[in-house]
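Return a 3D structure for these sequence lines:
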Amino acid sequence: MKKFAFLVHLRSSYRKDLQVLAPPLGWIPDAVYRFALRNRPLAPFVWSDVTLTPDATEPEGYIIMLPYTGRQLLEQQKAMLPRIQEALALAASKGAELMGLGALTSPITIGGKLVSNNPYLSVTNGNAYTAVITWQRIAQLIRECHNPRPVVALVGATGSVGTLVGTLLAKHQPEAKYLLLARNAHRLYRLAADMRAINSSVQTEVYQQLDAIRQADIVVLLTSAADSILQPHHLKMGAVVLDDTQPRNTHPSLLRKRPDVTVIDGGLVTVPHLRCHQRHVGLPAGVSYACLAETMLLAQAHYQGDFSIGNPTLEQAEYIHTVAHRFSHLGFDIAPDHSFGKPIFRRAIVAREQKPVQQLNFVPITVPSYGSC
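Alright, predicted model coming up:
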């Protein structure tokens, strides 16, 4: 296999993330970090060596850390591009031939467009496999729902992942009603039209305000906002939330205030032998983000060139799904449900185990232009 690299950044807190490097760093308030490090060009560094196969004797990949929070990336996008170029060069110097763009490093590079065709290595934003895994989990939740015509809200529907998820749902789950939420009305109406073109029986409604999701049985978060935006009053009784965002758009306090609600960590893939040898990336052992899994799958398949750039296509989703099946002996399936990093067990999981995940049957269509993840 090729060596790979995966680019990450600090989430919402210097203190929480940097204490992994050294516990005393967790004693320093975030305000001090923000003041001391503002406008400073911090170099990326290797966060951890990674192995994927059980008999690996040397690193098969690397987690590269961009030492800025998600908010900083969004607020200082132009200043971040040189740092990302440095990360590409660092990964290449370690022997990596392919880099995945994790979390907000994807949307601030316009889905990888600003760093594609670079002189260092190939790039993927990881969104094709993220969309496939997210679609498969939504399909399971639709089957498990007590409502014969469940209402599914896609928040961030016009983004890179959301567009492909909506396309897959329109083709394979036309029985649900879809609420499409995003900021750009033109893109919303275009996505709704594309979904109805796939299947005329699909029912869609478009909104730009979160209050609309109060009618949803299933809420899927696909935005690139840096803060937790979902509040208890946004959700109907017994709603299920699939949070596919990094940094997260939900907070653990949501469950304390709304114990009737279930929050599931989205976009997670089981890879049993995956190991980060120095420092973890905030996931349980043997679990990967789907965007990281896409990077590893492409490395396993010796894929040549850039892969998912901007909006992933149905053809790319079909390809990465096929590659995941090819390397299924290494895992690459929907991970057991977690909520804020902790395993959760519900009766719905039993139903999920009794019904195989629907296989892809693609008909190529035109995907709308790129939006943020």
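
looking only at pLDDT, what's the mean for the strand or helix carrying Q85?
Assigned by DSSP states H and E, Q85 belongs to helix 77-93. On average, the pLDDT along helix 77-93 is 95.

How about stretch 135-151?
Rounded mean pLDDT across stretch 135-151 is 95.

swap in stretch 248-267?
For stretch 248-267, mean pLDDT is 94.

Next: stretch 287-306.
On average, the pLDDT along stretch 287-306 is 97.

Same question for stretch 337-353.
pLDDT averaged over stretch 337-353 gives 65.

Could you check the pLDDT of the nearest residue to Y178 once chain neighbours are set aside?
Distance criterion CB to CB, 6 or more residues apart in numbering; nearest residue to Y178, sequence neighbours excluded, is T204 at 4.8 Å. All C-beta spots, glycine's among them, are computed from the backbone N, C-alpha and C. T204 is assigned 97 on the pLDDT scale.

Shouldn't T204 be within a helix?
No: if the criterion is DSSP: H, G, I helix; E, B strand; the rest coil, then T204 is strand and not within a helix.

For G61, which residues are in contact?
Listed by CB atoms under 8 Å, 6 or more residues apart in numbering, the contact partners of G61 are 3-6, 49-52, 96, 295-296, 299.

Could you single out the nearest of the residues you listed to G282?
F6 (13.0 Å; CB to CB).

from memory the closest one sits against L292, does it?
Yes: using CB atoms under 8 Å as the test, F6 is close enough to L292 to be in contact (5.0 Å).

Tell me which of these two has more neighbours.
Per other CB atoms under 10 Å, whichever of F6 and L292 has more neighbours is F6, with 31 against 27.

dump the residue contacts of H280.
Neighbour list for H280: 20, 48 [criterion: CB under 8 Å, 6+ apart].

again with the one 3 residues further on
The contact partners of L283, by CB under 8 Å, 6+ apart, come to 268, 289, 341.

Name the nearest residue to S122, sequence neighbours excluded.
Distances taken as CB to CB, 6+ apart put L98 closest to S122, at 4.6 Å, once the chain neighbours are dropped.

Could I get the phi/psi values of that neighbour?
phi -150, psi 140 (degrees, to the nearest 10).

Quick check, pLDDT for it.
pLDDT at L98 comes out at 98.

about what we covered before: now, among the contacts of G61, which is nearest to T313?
Closest approach to T313 among those (CB to CB): T295, at 17.6 Å.

And the residue lying closest to G95 once chain neighbours are set aside, how close does it get to A299?
Closest residue to G95 apart from its sequence neighbours, by CB to CB, 6+ apart: K3 at 4.8 Å. Separation of K3 from A299 (CB to CB, to the nearest Å): 7 Å.

quick one: which of the two has more around it?
The neighbour count for K3 versus A299, taken as other CB under 10 Å, is higher for A299 (23 against 19).

mind checking how far that one is from T51?
On the measure of CB to CB, A299 and T51 end up 12 Å apart.

Same question for Q208.
45 Å.

Who has more neighbours out of those two?
Taking neighbours as other CB under 10 Å, Q208 and T51 compare with T51 leading, 17 against 12.

Beta-bridge partners for the more buried one, please?
R275 (DSSP bridges).

Contacts only, for V115.
Residues counted as contacts of V115 (CB under 8 Å, 6+ apart) are 81, 84-85, 88, 101, 109, 123.

what do K3 and A299 both touch?
Counting by CB under 8 Å, 6+ apart, the shared contacts of K3 and A299 are 60-61, 97-98.

in the stretch 51-200 of the chain, which spans are helices?
Ranges of helices in the stretch 51-200 of the chain, per DSSP state H, counting those that start in this stretch, are 70-75, 77-93, 127-144, 160-172, 185-198.

Equivalent analysis for the stretch 201-350 of the chain, please.
Remark: helices assigned in the stretch 201-350 of the chain by DSSP H, counting those that start in this stretch are 253-257, 290-300, 314-326, 347-354.

Now for L10: which residues touch it?
Contacts of L10 (CB under 8 Å, 6+ apart): 17-18, 65-70.

And it, how far from F327?
Counting by CB to CB, the gap from L10 to F327 is 31 Å.

Skip the chain neighbours and tell me the closest residue to Q76.
Distances taken as CB to CB, 6+ apart place Y68 nearest to Q76, at 7.7 Å, with adjacent residues excluded.

OK, contacts around the one you found?
Listed by CB under 8 Å, 6+ apart, the contact partners of Y68 are 9-10, 42, 76, 80, 83.

which ones are touching A324?
Counting by CB under 8 Å, 6+ apart, the residues that A324 touches are 129, 132, 293, 297, 332-333.

actually L254, not the one I wrote
Counting by CB under 8 Å, 6+ apart, L254 touches 230-232, 241, 261, 263.

make it 7 Å
Neighbouring residues of L254 by CB atoms under 7 Å, 6 or more residues apart in numbering: 230, 232, 261, 263.

what domains does the record give for this protein?
Using automatic domain parsing, the domains assigned to the chain come out as 4-128+269-328, 131-267+335-354.

starting at the chain centroid, how far to the last one?
Put plainly, it is domain 131-267+335-354. Centroid separation for domain 131-267+335-354 versus its chain: 13 Å, with CA atoms, centre = their mean, to the nearest Å.

Same question for the first one.
Computed by CA atoms, centre = their mean, the separation of domain 4-128+269-328 from the middle of its chain amounts to 12 Å.

For it, measure first residue to last.
19 Å (CA to CA, to the nearest Å).

Ok, stretch 68-81 next?
Counting by CA to CA, you get 12 Å between the two ends of stretch 68-81.

repeat for stretch 222-233
Using CA to CA, one end of stretch 222-233 lies 19 Å from the other.
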